[in-house]
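[1] Provided below are the primary sequence and the corresponding predicted coordinates.
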Amino acid sequence: MMQQLKDWVINICIVVFFVTAVEMILPDNKMKKYAKLVLGLIIISVLMKPIIKIFDKNYDIDTYASRAAETLSKGNYSEDFTKYEKSNISSTIENFNSNLKTLCEKTLKEKMPQYSYDVQAKTDYNKENSKFEIKEIKVAVQDGKVQKIKKIVINDDSKYVNTDKGNISEETANLIKKYLSEELKVPASIIKVYKP
């Protein structure tokens, strides 16, 4: 017990000496506060080692460090990284679509305020280029008039399909396609304009 206490005190002295020496040679810049944080964590870990040993007799920092290094070297983290990457790409695509929808609706409303717009965007992630690409933009254009109420059928086995989809003038559709194509720098062929 006395030998362990002696070793602990010696370790504290060595670490404090090391930390003091490192702090003396650190330049006065933004990095100094981060280095002091790390050095403080080192001191805390040395101080906490005997307390941790009381609760866990088999505690050995070297064992934990070697296990962590072994896990990293084996690549066990790659599955978690792949799952995180897919989740991140999925949420980014969702946010990108939402922002693209808002941007298109806002710019179209500013350009042609006589219509109201509902935009749906479809994007995808290209792994080769590491870029998000716009695959399709659908723009539903409604004039400022009050829309007719659509037929609603209750308790009917046949599904009601709206066949009243009208067309807007080709001139207006081309104008919207050209405007969005120039604003978003995408080909006009991926932009579909229709009247709901």
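    Looks like it arrived, so ask away.
[2] quick one: contacts for the closest residue to Val19 other than its chain neighbours?
    With CB to CB, 6 or more residues apart in numbering as the criterion, Val19 has its nearest non-adjacent residue at 4.5 Å, and that residue is Leu39. Backbone N, C-alpha and C define where each C-beta goes, glycine included. Neighbouring residues of Leu39 by CB atoms under 8 Å, 6 or more residues apart in numbering: Val19, Val22, Glu23.
[3] In this structure the second one contacts Ala35, no?
    It stands for Val22. Yes: using CB atoms under 8 Å, Val22 is in contact with Ala35, at 7.2 Å.
[4] Just say helix, strand or coil for Lys192.
    strand (DSSP: H, G, I helix; E, B strand; the rest coil).
[5] Repeat that for Thr123.
    strand.
[6] and the residue most central in space within the chain, how far is that from Lys122?
    Geometric centre of the chain, nearest residue: Asn88, 4.6 Å, by CA atoms, centre = their mean. The spacing between Asn88 and Lys122, counted by CB to CB, to the nearest Å, is 19 Å.
[7] Ok, Ile176 next?
    17 Å.
[8] Please identify which of these two sits among more neighbours.
    The neighbour count for Ile176 versus Lys122, taken as other CB atoms under 10 Å, is higher for Ile176 (23 against 14).
[9] shouldn't that one be in contact with Leu108?
    Yes: checked against CB under 8 Å, the pair Ile176 and Leu108 is within contact range at 6.7 Å.
[10] Overlap of the contact sets of the two?
    In contact with both Ile176 and Leu108: Val139, using CB under 8 Å, 6+ apart.
[11] Show the subsequent helix or strand relative to the helix or strand of the chain with the lowest mean pLDDT.
    Among the helices and strands of the chain, helix 61-74 carries the lowest confidence by mean pLDDT, DSSP states H and E, at a mean of 71. Remark: after helix 61-74, the chain's next helix or strand is helix 77-111, criterion DSSP states H and E.
[12] what comes up buried for that following helix?
    Ile93, Phe96, Asn97, Leu100, Lys101, Cys104, Thr107, Leu108 (16 or more other CB atoms under 10 Å).
[13] Dump those to CSV, plus distance to Ile12 and pLDDT.
    Listed next are the buried residues of helix 77-111 as CSV, based on distance: CB to CB, whole Å; pLDDT from 0 to 100:
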residue, distance to Ile12, pLDDT
Ile93, 52, 89
Phe96, 53, 89
Asn97, 56, 89
Leu100, 58, 89
Lys101, 60, 91
Cys104, 63, 89
Thr107, 65, 90
Leu108, 68, 88
